[in-house]
Each structure stands twice: as structure tokens, then as C-alpha cells.
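Novice: when you get a sec, could you give me coordinates for this:
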Amino acid sequence: MPKIYSSFLLLEDGIICQGWSFSNYFMSIGEVVFNTGITGYQEIMTDPSYFGQIILFTYPEIGNTGINNQDMESSTFYIKGVIAKNICLNPSNWRSQISLVQYLISHNIPHLFGVDTRFLAQHLRTKGVMNGCICNTIIDSHKLVEKFKYCTALQNINLTNKVTTRNIYKWSSSLLNEFQYPSVYKIKEQVNKLHVIVIDFGVKFNILNRLSYYGCTVTVVPSITSSENIIANKPDGVLLSNGPGDPSLINSSLNTINDLINDNIPLFGICLGHQLLSLAIGASTSKLKFGHRGLNHPSGLYDQVKITSQNHGFVVSLNTLPQNIVDIVSWNLNDYTIAGIVHNLKPCFSVQYHPEASPGPHDSDYLFAHFIKIMDIFKKNI
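Specialist: Numbers count the residues shown, from 1 in each chain. Prediction:
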């Protein structure tokens, strides 16, 4: 068994929780948020949308299935730390390559276990998400206050610049046939594949995998790519990806999105992409008290309900959405925030949840097929 060290969590409101870690001499500060999923810790840790955050896992034990190279959602991790009740030492899964403990130690990921995660989740629900520090070193309280202020300042900048690709690249996955789940919505592959450009605000690999699974040729471009460069590459459609941070701070992308809308290019926004599409057409966004982060959020309209995977701290403000331009086609049925919109005059739609659902249910995977049908119609008739 690895050696363990006494460690603790200090929240900016003064709450202290004692625990343990497998690493010594570390200190990490970030926004403490909780995720209610019972699985998917590997995907969550490597999801760029969690940039700068400390993840509190509410499920009692994580690490049971170990870590493998196929379920990564990016090439590295972006979190500031992990908080868990228990971390499994001996995983049992045929795809496991190393244990979560080994992964945390080898990648120097700050972590804390042995704490009352139920209490912490209830506290964050009541008070709202806040900055926190996990460490096992003695810290000066005055210096920590300054570090908390710096962390807040960091959250008030365009975080997509921290996670977007620096280069344009074509996506391909050698694991596509082996590990992609089958879909009843899959469209017969075309002789001339549809070309989708993905604007990378912090894209998850599985979004790219699902587009490839449905037969698309996928090009990923940096978030700062101009509309002129995108249009010059003649895409059949553009996907606005997920990503971290406050969408209202990403002003540079709004003109690009508006240009794409006006050029009648089919657009599909996911999570942050949904918020950016909404901002581009005149809406505004606001921060949730504790966000939606989990795998079982009911979303839908009337009697059409899908169970969805969600991960966001911001939402589109209902009273700012221009009703004459878009229709709301999905609500989050837990708190009735906007979960999906469609443009009335242009081939654009977006959802606040993750149809690629990695991890999570596949109820909304049909949206990729819907996107492809729209692109196909416009390619043949426009």
C-alpha cells in the first residue's frame, strides 16, 4: 500500500476538512465544484471544461475501474485537484492499465480522500461553489487570502485560450471501431463525406469520435480562428465545442459565429458552444449557484424527456433570449433553465448538455444524426 500523508481542505468561507493523500508537500487552489456521477472519473479529470477546478466526487468510492489510455477526453488533465470519500487501491476491469492512485501520484495531481463528501456537497449547494485549497503543508493565512483573490481573478479571464489547440489538425481515431457504441441513428456513409469544422473551445475527444463514427471528416481549429479562414475551408457544418469558464468573456468569437450564421452554414453548439451561440444572437448568460455536473439530468419538452450528461456553471438567461429569433426546444427539468434552442430562420441549434455523453447515457446521441441531416440537406440544395 502506498504511504499516506495527513492533508486538508480549506474553503474560502473558513470551513476546514481533514483527510489524507498519497502525495506529500503539495498545495493547490481552485474553484471547488461537485459532480454527482457514479462513474467517469477519468473522463472528468481530462475534460478541458474543468480547467482550474477542484472536483469533489459525491460517489462514495472512485477508482474501481482503474485508468486506461482509451477513455481520455484530452491529451492531459486540466483539474486543480480531486476530493473523494474513498479511492480504490485495487481496480478490477479488463481495460485497466494502471490504478487511479498510480495515476494521481505519477502525474502529481493534488488529491484528498477520507473526507465527508456528503457534508461538503450539501455545504456547496447551500453556500454556492467557492474557491478552496487542498494541501498538506502549513500555510500563512494572509498569503492564502491573496492566493484566493488571484484564483478569482483567473476565473474572470477567457479560459478557452488556456485549453484550445494551437494548430489546425484533422481528427482520426484508431479506436473508433472497437470502442464506439453503436447507434440506431447512424446514417449510411456517403461517397463524399461531410466536412465538419470543430471550433475548439476545450473540446472533448468523444465529440470528435462521434462525428467520425457518423462518417464525417473532422477538422479541429483554434478558438481564435476567423470566420474567413473557416469559410475558406468550405465546411459543410461547424460545431461549437464545450469548454471552460465564463462565456461572456469570449467576445472575440461572437463575430465569427455571427458571420457563420449569416453565411447559412449549419451550426451545432454543445455546452459552452450553446452559450456562445446564444450570446451571438443577442442573449446573455448568468452563473448558477452550484452548477449542473452529473450524468442523470432530465431534459426535454412536454412529455419528451431525455436523461443527459451535464457539466456547466453558466446558463443562458431566459428573459434575454430573443423569442422572435429562436425557439426553446429543451428545458433542464430540475430547475427549468434553458437546455436547448433552435434558430427559426437559420440552420443552427444547440444544447446545454453533452450528447456525446462520455461518461453518461446515450439518449441524446441522435443529435449528431440530426446535425448530419441538416448538413446534407444544405449541401444538396443550397
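
Novice: hey, let's count contacts and neighbours off CA atoms from now on
Specialist: Noted.

Novice: quick one: contacts for Asp71?
Specialist: Taking Cα atoms under 8 Å, 6 or more residues apart in numbering as the contact definition, Asp71 lies against Gln42, Glu43.

Novice: domain ranges for the protein?
Specialist: If you go by automatic domain parsing, the domain ranges for the chain are 5-155, 160-381.

Novice: redo those domains as TSV? Include mean pLDDT.
Specialist: Shown next, in TSV, are those (pLDDT from 0 to 100):
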stretch	mean pLDDT
domain 5-155	93
domain 160-381	92
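
Novice: could you report the neighbour count for Gly335?
Specialist: Just to correct that, residue 335 is Asp rather than Gly. 10 (other Cα atoms under 10 Å).

Novice: then the one 4 residues further on?
Specialist: Neighbours of Ala339 under the rule other Cα under 10 Å: 24.

Novice: mind checking the SS state of it?
Specialist: strand (DSSP: H, G, I helix; E, B strand; the rest coil).

Novice: confirm for me that it is in contact with Gln352.
Specialist: Yes - contact criterion Cα atoms under 8 Å: Ala339 and Gln352 qualify, at 4.7 Å.

Novice: give me the distance from whichever strand or helix holds Ile134 to the chain's centre.
Specialist: In this assignment (DSSP states H and E), Ile134 forms part of strand 130-135. Centre-to-centre, strand 130-135 and its host chain are 21 Å apart (Cα atoms, centre = their mean, to the nearest Å).

Novice: begin at 26 from here
Specialist: Will do, 26 is the new start, and the previous item becomes strand 155-160.

Novice: export only the CA atoms of that strand, formatted as PDB.
Specialist: Extracted in PDB, the C-alpha atoms of strand 155-160 (Å, rounded to 0.1, in the frame of the first residue of the first chain):
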ATOM      1  CA  MET A 155     -16.300  28.700  -3.900                       C
ATOM      2  CA  ASN A 156     -12.500  28.700  -4.000                       C
ATOM      3  CA  GLY A 157     -10.700  26.200  -1.900                       C
ATOM      4  CA  CYS A 158      -7.200  25.000  -1.100                       C
ATOM      5  CA  ILE A 159      -6.100  21.300  -0.700                       C
ATOM      6  CA  CYS A 160      -2.700  20.800   0.800                       C
END
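
Novice: can you point out the buried residues in the next helix-or-strand element following that strand?
Specialist: Next in sequence after strand 155-160, counting helices and strands by DSSP H and E, comes helix 166-180. Across helix 166-180, burial judged by 16 or more other Cα atoms under 10 Å covers Leu169, Lys172, Phe173, Cys176, Gln180.

Novice: please apply the same query to stretch 273-287.
Specialist: Those would be Ser273, Ile275, Ser278, Leu279, Thr281, Ile282, Asp284, Leu285, Ile286, for stretch 273-287 by 16+ other Cα under 10 Å.

Novice: start and end of that stretch, how far apart?
Specialist: Start and end residues of stretch 273-287 are separated by 21 Å (Cα to Cα, to the nearest Å).

Novice: try stretch 40-56
Specialist: End-to-end distance (Cα to Cα), stretch 40-56: 14 Å.

Novice: and stretch 135-143, by the same measure?
Specialist: Span of stretch 135-143 from end to end, Cα to Cα: 20 Å.

Novice: list the contacts of it.
Specialist: Residues outside stretch 135-143 that contact it (Cα under 8 Å, 6+ apart): 32-34, 42-48, 51-53, 81-83, 85, 105-112, 129, 159-160.

Novice: got a ChimeraX select line for the buried ones in these?
Specialist: To isolate the buried members of these in ChimeraX, using 16+ other Cα under 10 Å:
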select :32,33,34,42,43,44,45,46,47,48,52,53,81,82,83,105,106,107,108,109,110,111,112,129,159,160
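
Novice: could I get the buried residues of helix 166-180 as JSON lines with distance to Gln122?
Specialist: Output for the buried residues of helix 166-180, formatted as JSON lines (distance: Cα to Cα, whole Å):
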{"residue": "Leu169", "distance to Gln122": "37"}
{"residue": "Lys172", "distance to Gln122": "36"}
{"residue": "Phe173", "distance to Gln122": "36"}
{"residue": "Cys176", "distance to Gln122": "34"}
{"residue": "Gln180", "distance to Gln122": "34"}
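
Novice: closest one of those residues to Ala257?
Specialist: Gln180 (33.8 Å; Cα to Cα).

Novice: quick one: the spatially closest residue to that closest one that is not a sequence neighbour from Asn115, how far?
Specialist: Distances taken as Cα to Cα, 6 or more residues apart in numbering place Gly270 nearest to Gln180, at 6.6 Å, with adjacent residues excluded. Per Cα to Cα, Gly270 is found 35 Å from Asn115.

Novice: between the two, which one's more packed in?
Specialist: Between Gly270 and Asn115, Gly270 has the larger neighbour count (other Cα under 10 Å), namely 23 against 15.

Novice: what about the more buried one, is that helix, strand or coil?
Specialist: Quick answer, by three-state DSSP: Gly270 is coil.

Novice: continuing past the helix or strand containing Leu302, what's the next helix or strand?
Specialist: For Leu302, the element it lies in under DSSP H and E is helix 297-305. From helix 297-305 onward toward the C-terminus, using DSSP H and E, the following helix or strand is strand 310-326.

Novice: check contacts around Pro85.
Specialist: By Cα under 8 Å, 6+ apart, the residues touching Pro85 are Ala109, Lys110, Asn111, Thr142.

Novice: try Pro347
Specialist: When contacts are counted by Cα under 8 Å, 6+ apart, Pro347 touches Ile306, Gly307, Ala308.

Novice: only whichever of those are buried, select them in ChimeraX.
Specialist: Buried subset of these, written as a ChimeraX selection, criterion 16+ other Cα under 10 Å:
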select :306,308
